[in-house]
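Q: Sequence first, then the predicted structure, then my questions.
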Amino acid sequence: MNKTKYQPVIGLEVHVELKTKSKMFCGCSAQYFGKEPNTHVCPVCLGLPGALPVPNNKAMEWCVMIGLALNCKIPLVSKFDRKNYFYPDLPKGYQISQYDEPIARNGSLKLKIKNEKLKNNLEKTIRIRRVHLEEDTAKLIHQFGNQKSKIKNQKYEEFSLIDFNRSGVPLVEIVSEPDFESALEVVEYLKKLQQIVRYLDVSNADMEKGEMRLEPNISLREISNVKFQIINYKVEVKNINSFRFVEKAIDYELKRQEELLKREETPVQETRGWDENKQKTISQRSKEEAHDYRYFPEPDIPPVHWTGNQISNIKNQIEELPSEKLERFKKEYGLNDYDAEILTRDKTTADYFEEAVKIGAGHMIAPKQIANVVINKKIDISSTLPAHLITQIASSKQTATLSDEALEKIITQIVDENPKAVEDYKKGKSNALMFLVGQVIRKYPKKIDAGGLRERMEKMLQ
Ligand SMILES: [Zn+2]
């Protein structure tokens, strides 16, 4: 067995479904989740002959927006192409996608990678090769003999059902350069990407609903003393729909490939799938080369032209992004990295916090104190208005002022005025103490914690 060391080389393709009202090239509703199969369809998304696609402007603008948020260049011209392949989820025999002139290219995304050893975060920039727009495919539901059929009176044991509701839903594909060196980095990037499209409000990116789908491509390269060995294979793992699965699939692949390489075998260039039950990747088909798709320009859709003005208008619609918000929260509210990160994780929480800070300023409540309450989930922000939260914090603040001088004075006064009760208490009548506590509470102008007061008076009288 050789002792060569290997370095992981991982790239990522991410598909994100846009939440536009209508589909990419027709007027059908794109909100298909949970709907009766084949009810959101028309000749265009069924791929009937002669039907003409008309691009969805909103989807194109949103794709530009994602590109800008990922620091991409937006070429003023781009075009759609036909990607030809034969599969039942694609009734036309091709998918309308973008080949050599995507909507956005050459971007980047900065990550903070936690380093357990150094106990700090390392910054790493992932290059983004391109962001393009395409149509989603129909959904196949495979029915095998050993499963219970969903259809009454069906005569066949094994068959596939097809639902065209998803066919033609706008899909953005974000392709990274192979800059990842571990599954951890990939997951960090995915979380960031999901957060950005949610902040932009262009996709819910809900993985369980298939609104965000992941395809890592994984290879290992030999680290020699002289230089890196050239990689001559790439394994792609298709359609993963959870961060946890992507992590497991990458770790599994790295191990599998390393074992092959150590035996001096080259892993096969292929597409694999993650099998959660077996906890391994499984070979699906050998990888198509780009020319297998016989890309050519879509003749029914003219090239897309943007003016500089249109691009800057779209840019102006982009609100503060998570990383900018995080930095501002640190500066403006004096929060540490950890608190600012949690508060900006989703926009709803960030907005809630800022609203509460605004109201809290009038009550002398510090942002840090509000951050603590929100972060420690002492309240449910979905059911408590920011103003109500501030009232709660303000009143608990008053409760906590047992040590103030005014209280001291009142206690002394009550004790002096009630020598009989004090004597009774010293003789062992606990009711007498409760009477004294009650007197103090009645006299004290603010709300006060009775338990704490009782303890305090107990000590004083002993
Ligand atoms: Zn349609």
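A: Happy to help now that I have it.
Q: what about the strands in the stretch 201-350 of the chain?
A: Taking DSSP state E, counting those that start in this stretch to define them, one finds strands in the stretch 201-350 of the chain at 212-223, 235-238, 270-275, 280-286, 296-297, 304-305.
Q: okay, and for the protein, where does confidence drop off?
A: 1-3, 116, 118-119, 145-156, 225-229, 286-291, 397-404 (pLDDT under 70).
Q: The ion is nearest to which of the strands of the stretch 201-350 of the chain?
A: For those, proximity to the ion was assessed by Cβ to the ion; strand 304-305 is nearest, at 20.5 Å. For the C-beta atoms, the positions are set from N, CA and C on the backbone; glycine is no exception.
Q: so what are the domain limits for the chain?
A: Split into domains by automatic domain parsing, the chain comes to 5-137+167-313, 320-398, 405-461.
Q: will you turn those into TSV that also has mean neighbour count?
A: Listed next are the domains of the chain as TSV, based on neighbours: other Cβ atoms under 10 Å:
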stretch	mean neighbour count
domain 5-137+167-313	17
domain 320-398	16
domain 405-461	14
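Q: In CSV, list the ones you listed along with distance to residue 144.
A: As requested, these are arranged in CSV below (distance: least, Cβ to Cβ, whole Å):
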stretch, distance to residue 144
domain 5-137+167-313, 14
domain 320-398, 39
domain 405-461, 64
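Q: still on that earlier bit, want to throw the strands of the stretch 201-350 of the chain into JSON lines with distance to residue 142?
A: As requested, the strands of the stretch 201-350 of the chain are exported to JSON lines (distance: least, Cβ to Cβ, whole Å):
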{"stretch": "strand 212-223", "distance to residue 142": "18"}
{"stretch": "strand 235-238", "distance to residue 142": "15"}
{"stretch": "strand 270-275", "distance to residue 142": "13"}
{"stretch": "strand 280-286", "distance to residue 142": "13"}
{"stretch": "strand 296-297", "distance to residue 142": "31"}
{"stretch": "strand 304-305", "distance to residue 142": "36"}
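Q: could you dump these to TSV with distance to the ion?
A: TSV is the format used below for those (distance: least, Cβ to the ion, whole Å):
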stretch	distance to the ion
strand 212-223	21
strand 235-238	26
strand 270-275	29
strand 280-286	29
strand 296-297	22
strand 304-305	20
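Q: looking at the ones you listed, which is closest to residue 85?
A: Taking Cβ to Cβ, strand 280-286 is the member of these nearest to residue 85, at 11.3 Å.
Q: Paired strands for the closest one, with orientation please.
A: strand 270-275 (antiparallel) (DSSP bridges).
Q: Among the strands of the stretch 201-350 of the chain, which comes closest to residue 453?
A: Residue 453 sits nearest to strand 212-223 of all these, at 54.8 Å, using Cβ to Cβ.
Q: Output the contacting helices and strands for the closest one.
A: Counting contacts by 3 or more Cβ pairs under 8 Å, 6 or more residues apart in numbering; DSSP states H and E, strand 212-223 packs against strand 5-17, helix 183-200, strand 235-238, helix 243-262.
Q: Other residues contacting the last one?
A: Identification of contacts with helix 243-262 by Cβ atoms under 8 Å, 6 or more residues apart in numbering yields 1-2, 4, 6, 8, 10, 182-184, 186-187, 190-191, 207, 214, 216, 218-220, 222, 235, 237, 240, 266-267, 272, 274, 276, 279-281.
Q: tell me the contacts of the residue nearest the centre of the chain?
A: The centroid of the chain falls nearest to residue 194 when counting by Cα atoms, centre = their mean (3.5 Å). Contact analysis of residue 194 by Cβ under 8 Å, 6+ apart lists 205, 212.
Q: Same question for the one 10 residues further on.
A: Contacts of residue 204 were listed using Cβ under 8 Å, 6+ apart, and they are 19, 198, 211.
Q: at 7 Å what do you get?
A: Counting by Cβ atoms under 7 Å, 6 or more residues apart in numbering, residue 204 makes contact with 19, 211.
Q: Could you do residue 396 as well?
A: Contacts of residue 396 were listed using Cβ under 7 Å, 6+ apart, and none were found.
Q: And it, how far from residue 113?
A: From residue 396 across to residue 113, the span is 39 Å (Cβ to Cβ, to the nearest Å).
Q: Good, we can wrap up now.
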